[in-house]
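1. Below are the sequence and a predicted model for it; my questions follow.
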Amino acid sequence: MAGAELKESLHRIAVLAGHNALLRRRDPAHLISYLVMPMVLMPVFQAMVGDATQVATGLLVMFSILSMADVANATLAERVWHTWDRLRATGARVPEIMAGKALPVLAVLALQQAVLLAYGVAVLGLRPPWPPWPLVLAVAVWCFALLGMGTAIAGMVRSQGELSTVCNLAALSVSALGGALVPYALMPGWARSIAPVSPGYWATTMMQAGVRGDAAGVAGPAAVLLGVGAATLALAWWRAARGWGRGSVR
């Protein structure tokens with residue numbers, strides 16, 4: 001019986017993931033814009049900073065944080081359209097619904113970061129590490145953290161306008177405090193002292209270690225970001241199980 005239930009659960013997740021992947025394919029505007037904009041900015045920043053690793057990883061972190069809007073919108077749309085309860089009425093459990101929404105979004109986030117890193121290699125002269133697994137691990141962990149934070153944000157905001165504001169402010173503040181835009185060593189003392197509060201700090205540090213192929217340098221920030229992702233996903237799960245605060249979205 002347990003095997004049959006698992007098979008049914010996986011089938012429900014696959015159906016939900018396929019539906020959400022179709023929605024992503026029909027509206028690729030965000031993905032395209034968050035690929036083109038950093039590609040335009042990378043050569044400009046490199047001319048000023050001169051460090052391909054700093055430029056590639058910094059802009060990757062900044063624009064992947066902006067992509068949290070896509071992550072959050074996958075869930076917020078169900079709340080705005082008042083279709084979340086209809087999904088629950090299908091018999092799908094909260095973890096299955098969240099997994100069905102997460103898988104296509106994770107694929108989009110991973111694609112965005114892979115393309116930007118490849119662009120950094122081709123255009124900026126970024127040297128890919130060998131073996132590449134520390135960088136692959138860094139990308140996977142950062143995608144997981146973004147998924148958790150984006151889903152949690154979707155459970156808190158009440159409209160697309162609020163979502164856009166929160167994600168834009170988060171992208172600028174988290175990136176700036178994290179050393180994504182300016183090298184950490186050049187930041188003022190007060191900013192360096194509070195930088196570890198920002199997930200962007202850990203993401204930038206982790207990505208730079210991944211590009212160097214430094215597994216030990218990836219491990220510490222990865223542990224922090226795994227904790228961030230797990231905590232925010234747990235918050236989103238709790239909110240989803242309570243109906244996201246029914247009646248709060250207009």
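-> Looks like it came in fine. If you're wondering where the values come from, they're calculated on a predicted model, not measured in any experiment. Residues are numbered from 1 along each chain as shown.

2. Show me where this protein has its helices.
-> With helices called from DSSP state H, the chain shows them at 2-26, 29-49, 52-66, 68-80, 84-89, 94-119, 133-156, 160-178, 189-194, 199-212, 215-241.

3. quick one: contacts of the third one?
-> This points to helix 52-66. Residues from elsewhere that reach helix 52-66, judged by C-beta atoms under 8 Å, 6 or more residues apart in numbering: 34, 37-38, 41-42, 45-46, 49, 109, 112-113, 116-117, 119-120, 124-127, 142, 146, 167-168, 170-171, 174-175, 178-181, 183, 200, 203-204, 207-208, 211-212. To be clear about C-beta, it is placed using only N, CA and C from the backbone, and glycine gets the same treatment.

4. Just the buried residues of those residues.
-> 34, 38, 42, 45-46, 49, 109, 112-113, 116-117, 119-120, 124, 126, 142, 146, 167, 170-171, 174-175, 178-181, 200, 203-204, 207-208, 211 (16 or more other C-beta atoms under 10 Å).

5. Assess the claim that Ala191 and Leu181 are in contact.
-> No. In this structure, Ala191 is not within contact of Leu181 by C-beta atoms under 8 Å, at 11.0 Å.

6. re earlier: now the helices of the chain as CSV including mean pLDDT?
-> Below are the helices of the chain laid out as CSV (pLDDT from 0 to 100):
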stretch, mean pLDDT
helix 2-26, 73
helix 29-49, 84
helix 52-66, 87
helix 68-80, 72
helix 84-89, 65
helix 94-119, 84
helix 133-156, 89
helix 160-178, 78
helix 189-194, 85
helix 199-212, 92
helix 215-241, 90
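
7. Compute the number of surrounding residues for Val40.
-> With neighbours defined by other C-beta atoms under 10 Å, the count for Val40 comes to 9.

8. From Val123, how far out is it?
-> In this view, Val40 and Val123 are 11 Å apart by C-beta to C-beta, to the nearest Å.
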